[in-house]
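**Student:** Attaching a predicted model along with its sequence, questions to come.
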Protein chains: 2
Amino acid sequence: MPQQSRRREKPTRERIMSAAVALADREGLEALTIRALATDMAVGPMTLYHYVDGKEDVLDGMVDLVFAQMALPDPSLPWREAVRARCESTREVLARHPWSVPLLESRRSPGPETLRHHNAMLECLIEGGLSIPLTAHAYAVLDSYVYGFAIQEANLPVQGGEESNEVAAEISAAFRPETYPYLVRFTVEHAMKPDYRFGDSFGYGLDLLLDGLERAASATEQR
Amino acid sequence: MPQQSRRREKPTRERIMSAAVALADREGLEALTIRALATDMAVGPMTLYHYVDGKEDVLDGMVDLVFAQMALPDPSLPWREAVRARCESTREVLARHPWSVPLLESRRSPGPETLRHHNAMLECLIEGGLSIPLTAHAYAVLDSYVYGFAIQEANLPVQGGEESNEVAAEISAAFRPETYPYLVRFTVEHAMKPDYRFGDSFGYGLDLLLDGLERAASATEQR
DNA sequence: ACCGTATCCGTACTTAGTACGATGTGTCAA
DNA sequence: TTGACACATCGTACTAAGTACGGATACGGT
C-alpha cells in the first residue's frame, strides 16, 4: 500500500517554519523548543536537523515568514497612501505575532521576503519624490515608530477592555498614591476607562510623522 | 589580621545587578549566565540565590538599573524641552546598553526607578497643558519612537564608519542588483557613504513628533 | 535482488538554571 | 570562654534544552 495513511505530511523546511510560527503564536516564544516543535510534527527532534540548520535558522525562517505576511507598499499609489497602508499592515501582522517583534530587528541574515519588503518601501519613497537623504530619514523614523509601537502593544499586560483595571489595581496597590501621583491619576482617569485603547494612538502618531515628512518633501530643498 | 585582603566585596543585591549589567555590556546578554556572573564575583553560583530570586529577578533588576540612568524630565522646563531632553537621554542610555532594549518593555514587574520615570514624564506633559487624552497619545507615540529607534540602533551590523561597507558588500554579494534595485541604490548611494550616520535621524523624527504634538496642544480643543 | 541515497531517530554529551542540604562563619548571651 | 543559633557559602545533582554522532530504515533505480 504505497500512498495512504501517512497522517502527518512529510516535514519540509517550509512546514517546519509554519509549525514553529504556529507554536509560538499558541504558546509563546519560550515554549518554542526543538523538541516541542518535533513533537508537534510527530517526528523525532533530530529529524528536524535534516531540514534546518539549528534553532537560529528556524528563528530566521520565522522572521521571514512574518515579513511575508506584511502587505508590500504599492508604488503606483501616492507615496503617503502606500506607506501608510504598509505601516498599518505591519502593525497588524506584528500584533498577530507578538513574539516576533524582538526578533525582527535582531536577526542578522535577512531573508528574501525581508529584502523585498525593504526594497518596495524604498521604491515608494524615492519614486514618490523624496530625496535620498530624506528617504533615509523617513525610513529610519517610520520603522522606529512602527516597531516601537508594536513592542509596546505586544507587551500590554492584557489586551482587552479590562486590561486597564488589572494594571490600575496592581499599580495602585503597590504604593501610596502620593509616590507617583501623575502615574496614578493618569491610570485611574484615563487608562482605566473601558473605552481607552492603547492602539488608537498608532494612527495618531503615524500621521504626525507622515505630515512632517510630507511637508519636508514639498519644500524642494530638504536637508 | 581582621580587616585586610578581602579582595572581593561581599555580594549584595545591588552589586549583583551592577555586575550583571557590566557583564552584559561587555559580552552580551547571551553570555549572562548565573554561573558566569558568579565567577565574575568570585563566588559560587548558588551564593547568588541568597540575594536574588533567580535569573528573572536579575533581569528585572538590570532593567531598573538602566532606567535609573536615564535623566528624568524636568517639570520646571517647558514641556517640549523637558521631554526632548529625556528622549535624547533615553536613547543614549539604551545605546550604551543595547542588550536592554528588548528587555525594557517585556518585563512585567516595573521597579521603582521605572515608575518614577513614567511619573515624571506624565507630570511634564500634563502640567505642560496637554489634555489627558493628548498626553496618552504623546506618551505612547514618543516612547514607541524612542524604543523603536533604540532597537534599530542596537542592531546595526557594526557601529562606525565602515559599517555601511560591510552591509553593502554583503547585500550586493547576495544577489544580482536587478532583484532589489532600490535597496542596492540606496545602500550604495547613501548608507555606504562614510559620513552617513543612522543616528542622525533620531533628532529629525523626534522633532517631527514634537512639532505635531505641540501643534495639537496649542489648538485648545484637541480631539 | 541489490545497492545507494535520503530520511529518520536513539543515544548521549554539553550548557544552563536551580533545588537541596551540608558546611562554615560570625554574633551574642550566659 | 563557650555554646547555640542565624546567616552565608557552596558541593552535588537534577532537569530542560540544543545538538553531534552514527546506526537503522525505506525507497527508487539498475
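**Tutor:** On my side now, so go ahead.

**Student:** Count residues in the vicinity of the closest residue to A:A31 other than its chain neighbours, would you?
**Tutor:** Excluding its sequence neighbours, the residue lying closest to A:A31 (Cβ to Cβ, 6 or more residues apart in numbering or on different chains) is A:L23, at 6.7 Å. C-betas here are computed from N, CA, C, even on glycine. By other Cβ atoms under 10 Å in any protein chain shown, the residues close to A:L23 number 21.

**Student:** isn't A:L23 right up against A:A36?
**Tutor:** Yes. Using Cβ atoms under 8 Å, A:L23 makes contact with A:A36 at a distance of 6.5 Å.

**Student:** Next to DNA strand C in this structure, residues from chain A, please.
**Tutor:** A:K10, A:P11, A:V43, A:G44, A:P45, A:M46, A:T47, A:Y49, A:H50, A:Y51 (Cβ under 7 Å from any atom of the strand).

**Student:** now those in TSV, with secondary structure and neighbour count?
**Tutor:** Shown next, in TSV, are these (DSSP: H, G, I helix; E, B strand; the rest coil; neighbours: other Cβ atoms under 10 Å in any protein chain shown):
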residue	secondary structure	neighbour count
A:K10	coil	9
A:P11	coil	19
A:V43	coil	17
A:G44	coil	11
A:P45	helix	13
A:M46	helix	9
A:T47	helix	13
A:Y49	helix	13
A:H50	helix	9
A:Y51	coil	18
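
**Student:** Those: which two are farthest apart?
**Tutor:** With distances taken as Cβ to Cβ, the most widely separated pair in the residues of chain A next to DNA strand C is A:K10 and A:P45, at 16.4 Å.

**Student:** Which helix or which strand is home to A:A20?
**Tutor:** helix A:13-27 (DSSP states H and E).

**Student:** Pull out the buried positions in that helix.
**Tutor:** By 16 or more other Cβ atoms under 10 Å in any protein chain shown, the buried positions in helix A:13-27 come out as A:I16, A:M17, A:A19, A:A20, A:V21, A:L23, A:A24.

**Student:** Check stretch A:199-207 too.
**Tutor:** By neighbour count on 16+ other Cβ under 10 Å, the buried set for stretch A:199-207 is A:S201, A:F202, A:Y204, A:G205, A:L206.

**Student:** Spatially, which two of those residues are the most separated?
**Tutor:** Using Cβ to Cβ, these span at most 9.3 Å, a distance reached by A:S201 and A:L206.

**Student:** Where in chain A is the helix or strand with the lowest mean pLDDT?
**Tutor:** helix A:163-174 (a mean of 56; mean pLDDT, DSSP states H and E).

**Student:** CA-only coordinates of whichever helix or strand comes after that one in PDB, if you can.
**Tutor:** Downstream of helix A:163-174, the first helix or strand assigned by DSSP H and E is helix A:181-186. The C-alpha coordinates for helix A:181-186 follow below in PDB (Å, rounded to 0.1, in the frame of the first residue of the first chain):
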ATOM      1  CA  PRO A 181       0.600  61.000  41.700                       C
ATOM      2  CA  TYR A 182       0.600  61.600  38.000                       C
ATOM      3  CA  LEU A 183       1.000  58.000  37.200                       C
ATOM      4  CA  VAL A 184      -1.900  57.100  39.400                       C
ATOM      5  CA  ARG A 185      -4.000  59.900  38.100                       C
ATOM      6  CA  PHE A 186      -3.300  59.100  34.500                       C
END
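
**Student:** What is helix A:181-186 packed up against?
**Tutor:** helix A:163-174, helix B:112-127, helix B:132-154 (3 or more Cβ pairs under 8 Å, 6 or more residues apart in numbering or on different chains; DSSP states H and E).

**Student:** Which one, of those, ends up nearest to B:E105?
**Tutor:** When the helices and strands packed on helix A:181-186 are compared for distance to B:E105 using Cβ to Cβ, the nearest one is helix B:132-154, at 6.5 Å.

**Student:** so for that closest one, what's the average pLDDT?
**Tutor:** Summarised as a single mean, pLDDT over helix B:132-154 is 95.

**Student:** and stretch A:80-98, how far out from the chain's middle?
**Tutor:** 8 Å (Cα atoms, centre = their mean, to the nearest Å).

**Student:** whoops, stretch A:94-114 was the one
**Tutor:** For stretch A:94-114 - counting by Cα atoms, centre = their mean - the centre lies 7 Å from the chain centre.

**Student:** Name the residues that touch it?
**Tutor:** A:21, A:24-25, A:28-29, A:32, A:59-69, A:118, A:146-147, A:150-151, A:153-155, A:199, B:102, B:106, B:151-152, B:154-155, B:157 (Cβ atoms under 8 Å, 6 or more residues apart in numbering or on different chains).
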